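Chemist: A predicted structure for the sequence below; I have some questions about it.
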Amino acid sequence: MRLSRKTLARLPETVARPDYDPAAVTVGIVHLGIGAFHRAHQAVFTDAVLADDTSWGVCGVSLRSPGTRDALAPQDGLYALKVQDGAGETLRVIGSVVELLCAPEEPEAVLARMSDPGTRIVSLTVTEKGYCHNPADGTLDEDHPDIRHDLENPSRPRTAVGFIVAALVRRAAAGVPPFTLLSCDNLPGNGHVLGRVVARFAELRGAAATVKDVATPSTMIDRIVPATTAEDRAAVSVALGMEDAWPVVTEPFRQWVVEDVFPAGRPAWEKAGVVFVPDVSAFETMKLRLLNGSHSTLAYLGYLAGAETVAAAMALPGMADLIEGLMRAEVSPTLPPLAGFDLAAYRRDLVSRFRNPALRHRTWQIAMDGSQKLPQRLLGTIRDRRTAGASFGRLALGVAAWMHYARGTDEKGKAIDVRDPHAARIAALVAGLGDPEEIVAAYLTMTDVFGDLAGDWLFRETVTQALGGLMLEGAARRIATFASG
């Protein structure tokens, strides 16, 4: 027996389920990038308010593989959300995803749904690389092969940007007002970045007028969501008493801060705990630098030290002190003020969340796409520290750990499966290099990643020293000596 609308009534009483009829829900949101994070975050907030208005269901679109559609379509989009920490776990079936599409296989169906007047929001979790932008300045990468493809094949796009502009052009031709674009990715000023790349793509298509009135509110999202494992699937299916092909597992904590600019309307997300603000930038900077910057640092260092998960990395001698010092001494002084927000408590909560033994969040998963993540997670903070004339040794260690990791060989000589849009480029740059100074110099030719820091002598020197220490001592020992020193 498999989870579906027909089998909902057979769930154990211990499993929470929708307080509305999922069959009555219609699509109001198209979400590009229907992965685990969206299903553990935005879809959950939406699920919580559908009883008030069933016109805000989600059409989830996979931009690459059909895996999510194939797993969830036979379940009518239903899936279980497992929330767990050291104190226990809860299960809830989420019903807000009512349609699933795979863009490479059915681009016309995706464009038709995005062009439908009932679609009033198009949201995204496509990761940093999905914006096809230059990370150093946030502009559209006009030489990206998929962008070039979409400009030449507007009716069969590959990218989120291509689909968005194609749908907006169709809506304009039909006299349908534009949807709101809602970025939910870890980018500073994510709404501004999305608006910028969409406007430039539309200009290149000769359709600039179709995007001039599109709202692109920025957001800050926060929840730790590991990749679902075979063990997770098996455990959830046992607890449900029926098969769930793709549940999601997460922590109790969740946060969503959004700029309230939705000309076409929105769900009553505030009833589910969403915080609406005029300007999200201060919250966004705090989260990107404290949570994401720390997460990346401990992931690269932890992986190199042999820690498979975040919790295991946090248990390494010196790691907790290193991460706490990074957040308190180097990151926090760069943050804008947040009235009434307890920054010290937030840092303590992050350390506790990173230590959550119930979440098997793999360091390798967090380590993906480092060339796209570092500019907003670590490099922006370093720039601010340089401007203030302040030290940035822990931040530099995080950058150096990425450089060491992205070379593709661990400390035992075993190959690392480096997942990064620039993996081949990096491999070519550092091939045959063994001297830390030469390695750093090679990386700093990537000005699209490092921007002005590529020419900053102190940044180069500090990262070189950090990389040299890692290569000489090994990550585990370097973490311990760095924290104690």
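Modeler: Happy to help now that I have it. Numbering: from 1, shown residues only.
Chemist: wait, what's in contact with Asp47?
Modeler: Counting by CB atoms under 8 Å, 6 or more residues apart in numbering, Asp47 touches 18, 94-96. For glycine as for every other residue, the C-beta is placed from the backbone atoms N, C-alpha and C.
Chemist: Next: Leu151.
Modeler: By CB under 8 Å, 6+ apart, the contact set of Leu151 is 162, 201, 204-205.
Chemist: re the thing from before, reformat the contacts of Asp47 as JSON lines; add secondary structure, distance to Thr363 and pLDDT.
Modeler: Listed next are the contacts of Asp47 as JSON lines, based on DSSP: H, G, I helix; E, B strand; the rest coil; distance: CB to CB, whole Å; pLDDT from 0 to 100:
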{"residue": "Pro18", "secondary structure": "coil", "distance to Thr363": "35", "pLDDT": "97"}
{"residue": "Ile94", "secondary structure": "strand", "distance to Thr363": "28", "pLDDT": "98"}
{"residue": "Gly95", "secondary structure": "coil", "distance to Thr363": "33", "pLDDT": "98"}
{"residue": "Ser96", "secondary structure": "coil", "distance to Thr363": "31", "pLDDT": "98"}
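Chemist: Quick one: which of the residues you listed is the most crowded by neighbours?
Modeler: Ser96 (28 neighbours; other CB atoms under 10 Å).
Chemist: biggest separation within the contacts of Leu151, which pair?
Modeler: Gly162 and Leu204 (10.8 Å; CB to CB).
Chemist: Pick out whichever of the two has more residues nearby.
Modeler: Gly162 (27 against 16).
Chemist: Residues contacting the helix or strand encompassing that one, please?
Modeler: Following DSSP states H and E, one finds Gly162 within helix 160-174. Identification of contacts with helix 160-174 by CB under 8 Å, 6+ apart yields 32-33, 61, 63, 103, 107, 110-111, 114-115, 122, 124, 126, 130-132, 140, 146-147, 149-151, 154-155, 157, 177-179, 181, 197-198, 201-202, 205, 207, 209-211, 214.
Chemist: Separate out the buried members of these.
Modeler: 32-33, 61, 63, 103, 107, 110-111, 114-115, 122, 124, 126, 130-132, 140, 146-147, 150, 157, 178-179, 181, 197-198, 201-202, 205, 207, 210-211, 214 (16 or more other CB atoms under 10 Å).
Chemist: State the distance from the residue lying closest to Ile426 once chain neighbours are set aside to Gly306.
Modeler: The spatially closest residue to Ile426, leaving aside those adjacent along the chain, is Ala406, at 5.1 Å (CB to CB, 6 or more residues apart in numbering). Separation of Ala406 from Gly306 (CB to CB, to the nearest Å): 18 Å.
Chemist: Please enumerate the strands of the chain.
Modeler: 27-32, 57-62, 79-85, 88-94, 97-102, 121-124, 180-183, 219-222, 248-250, 255-259, 275-277 (DSSP state E).
Chemist: Which parts of the last one count as buried, going by neighbours?
Modeler: Spelled out, it's strand 275-277. Phe276.
Chemist: partner strands of it, parallel or antiparallel?
Modeler: Strand 275-277 has the following strand partners under DSSP bridges: strand 255-259 (parallel).
Chemist: Now for the closest residue to Leu453 other than its chain neighbours, how many residues are close by?
Modeler: In this structure, Leu453 finds its nearest non-sequential neighbour in Phe459, 4.8 Å apart by CB to CB, 6+ apart. Neighbour count of Phe459, defined by other CB under 10 Å: 24.
Chemist: Surely Phe459 is in contact with Arg385?
Modeler: No - the criterion here is CB atoms under 8 Å, and Phe459 misses it with Arg385 at 9.8 Å.
Chemist: coming back round to it: please report how far the residue nearest to Leu453 lies from Glu473.
Modeler: Computed as CB to CB, the Phe459 to Glu473 distance reads 22 Å.
Chemist: Same list (the contacts of Asp47) but as a markdown table, adding distance to Glu259.
Modeler: Shown next, in a markdown table, are the contacts of Asp47 (distance: CB to CB, whole Å):
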| residue | distance to Glu259 |
| --- | --- |
| Pro18 | 28 |
| Ile94 | 25 |
| Gly95 | 27 |
| Ser96 | 22 |
